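Undergrad: Here is my input, please return the structure:
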Amino acid sequence: MLGFAVRKRIDQDKLANIFVNSLIEIVENGFQDIVEMIQDDTVFIAEPEISNKALNQFLLIVTVGNLEYLRESFDSFEVDEIEEIIIQKFAHVFEMQPNEFAKLLDSTRDYIAHHNFPSKNILYGMSKAIFHKYDLNQYQESYFKSMITPNPLFLKRLDELLINFVWDWDVFLKKFKLQ
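TA: Below you'll find the predicted structure:
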């Protein structure tokens, strides 16, 4: 028996398909868990209301976070090409033009960076973006509410749940080699 694993070759288009379809599936299947966690969290003095737009907002935040992790796993020239294909595929899903969807991703990326400053922790930024995007501050006790900052216990619990929405590039790259 040989002591090494043979990795399958995969092109950028197929990688983008797998990435987009997997993110959509995990968000559709797991979003209700996020909503329930938020609504049941003991740090809130009233049960937060989550709007109908929340699923798409969540998908955008998860997509941006995963694209940031993508940047850490590939060379910059590869990332640009892969991200362009991913944007085309997501644009089709959102029924937008690719340049419109790219702007939406950029504004979501800016939103996350703004609320996560000065931290560079991607997962933490995703959690903070969800907190602010869903306007959860209004449901907090007065101490954190007055500071307009999420309770760190809530962020920790949300981080622990969000890790399930992060693409594991290390595992993927052990199975596949980009052509």
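Undergrad: Please name the nearest non-neighbouring residue to the residue nearest the centre of the chain.
TA: Centroid check for the chain by CA atoms, centre = their mean gives residue 62 as the closest residue, at 1.4 Å. Nearest non-adjacent residue to residue 62, counting by CB to CB, 6 or more residues apart in numbering: residue 165, 4.8 Å away. Just so you know, the C-beta spots here come from the backbone N, C-alpha and C atoms, and that holds for glycine as well.
Undergrad: Centre of the chain to the helix or strand harbouring residue 36, how far?
TA: In this structure, residue 36 sits in helix 12-40 according to DSSP states H and E. Centre-to-centre, helix 12-40 and its host chain are 9 Å apart (CA atoms, centre = their mean, to the nearest Å).
Undergrad: before we move on, what about stretch 109-123?
TA: Its chain's average C-alpha position is 12 Å from that of stretch 109-123, according to CA atoms, centre = their mean.
Undergrad: So for that stretch, mean pLDDT?
TA: Mean pLDDT, stretch 109-123: 96.
Undergrad: And for stretch 142-158?
TA: 97.
Undergrad: Pull that stretch out as PDB, backbone CA atoms only.
TA: What follows is stretch 142-158, C-alpha atoms only, in PDB (Å, rounded to 0.1, in the frame of the first residue of the first chain):
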ATOM      1  CA  SER A 142     -28.300  48.800  29.400                       C
ATOM      2  CA  TYR A 143     -24.500  48.400  30.100                       C
ATOM      3  CA  PHE A 144     -23.600  47.000  26.600                       C
ATOM      4  CA  LYS A 145     -26.500  48.800  24.900                       C
ATOM      5  CA  SER A 146     -25.100  52.200  26.000                       C
ATOM      6  CA  MET A 147     -21.600  51.200  24.700                       C
ATOM      7  CA  ILE A 148     -23.200  50.000  21.400                       C
ATOM      8  CA  THR A 149     -21.100  46.900  21.600                       C
ATOM      9  CA  PRO A 150     -22.100  43.200  21.700                       C
ATOM     10  CA  ASN A 151     -21.800  41.300  24.900                       C
ATOM     11  CA  PRO A 152     -18.600  39.300  24.600                       C
ATOM     12  CA  LEU A 153     -20.400  36.100  25.800                       C
ATOM     13  CA  PHE A 154     -22.800  36.400  23.000                       C
ATOM     14  CA  LEU A 155     -20.000  36.900  20.400                       C
ATOM     15  CA  LYS A 156     -18.200  33.800  21.800                       C
ATOM     16  CA  ARG A 157     -21.300  31.700  21.400                       C
ATOM     17  CA  LEU A 158     -22.000  33.000  18.000                       C
END
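Undergrad: Give me the below-cutoff pLDDT ranges for the protein.
TA: 1-5 (pLDDT under 70).
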